[in-house]
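Novice: just the structure for this:
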Amino acid sequence: MEVKAVTKYTRISAFKARNVTRHIQGLPALGALEMLEFYPQKAARVIYKTLKSAIANAENNNAMNPQNLVVKEATVGEGPTIKRFMPRARGSASPINKRTSHVRIILTERVEEVEETPKAKSKKAAAAKTQARRKKAQE
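Specialist: Below you'll find the model as predicted:
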C-alpha cells in the first residue's frame, strides 16, 4: 500500500529542492528523516516536514509501522512563478522570477524477501550439477 503527502506552493526553486530529494529516494523513511535533519539546505526543512507528514499519514490513516516504510518516490514539481520587476539604471527594469514548487513524497511498505519455491530450488540445483559436470569434462 502506498501513502503520500504533498506540500504545495513552497517558496523555493524546484531545481534546488530536487538536489535534496534525489538523496532520499529508496531509503527507509526513518533513515531519510534523520538524514534530512542535518542537511544545511532550505529545501531539506520543507522535505523533512513533508516526509514527517507522510509517515504520520501512514501511521494514523493506514495503521502502518513506520519501521517498515520506504521512500518509494520523492519528486519536486514546479509551481506558479511570481513575476516582479527590479528598477535599474536609466529608467529601465529587469524581471525577477520568484519561483515556487510542489513537493510530493510517496511511501510504501518494505517488501520482505520471499523464500524460494521448491521448483526454483530444483532449477538451481540442476544448474549447479551441470556446472560440476562441465568442470569434470574439462579436466
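Novice: hang on, isn't Met35 packed against Val20?
Specialist: No. In this structure, Met35 is not within contact of Val20 by CB atoms under 8 Å, at 9.6 Å. Where C-beta positions appear, they are placed from N, C-alpha and C, glycine not excepted.
Novice: who has more neighbours, those two?
Specialist: Per other CB atoms under 10 Å, whichever of Met35 and Val20 has more neighbours is Val20, with 23 against 16.
Novice: next up, the contacts around the more buried one.
Specialist: Val20 sits next to Leu36, Tyr39, Gln41, Ala43, Ala44, Ile47 when contact means CB atoms under 8 Å, 6 or more residues apart in numbering.
Novice: go again with 10 Å.
Specialist: The contact partners of Val20, taken as CB atoms under 10 Å, 6 or more residues apart in numbering, are 12, 35-36, 39, 41-48, 74, 76, 103.
Novice: which residue ranges form the strands in this protein?
Specialist: All strands of the chain, identified by DSSP state E, fall at 2-10, 69-78, 82-87, 93-98, 101-109.
Novice: for the ones you listed, which one ends up most surrounded?
Specialist: strand 101-109 (a mean of 21; mean count of other CB atoms under 10 Å).
Novice: that strand versus strand 2-10: what angle between them?
Specialist: Note on geometry: by axes from the mean of the first three to the mean of the last three CA atoms, to 10 degrees, strand 101-109 and strand 2-10 are set 170 degrees apart in direction.
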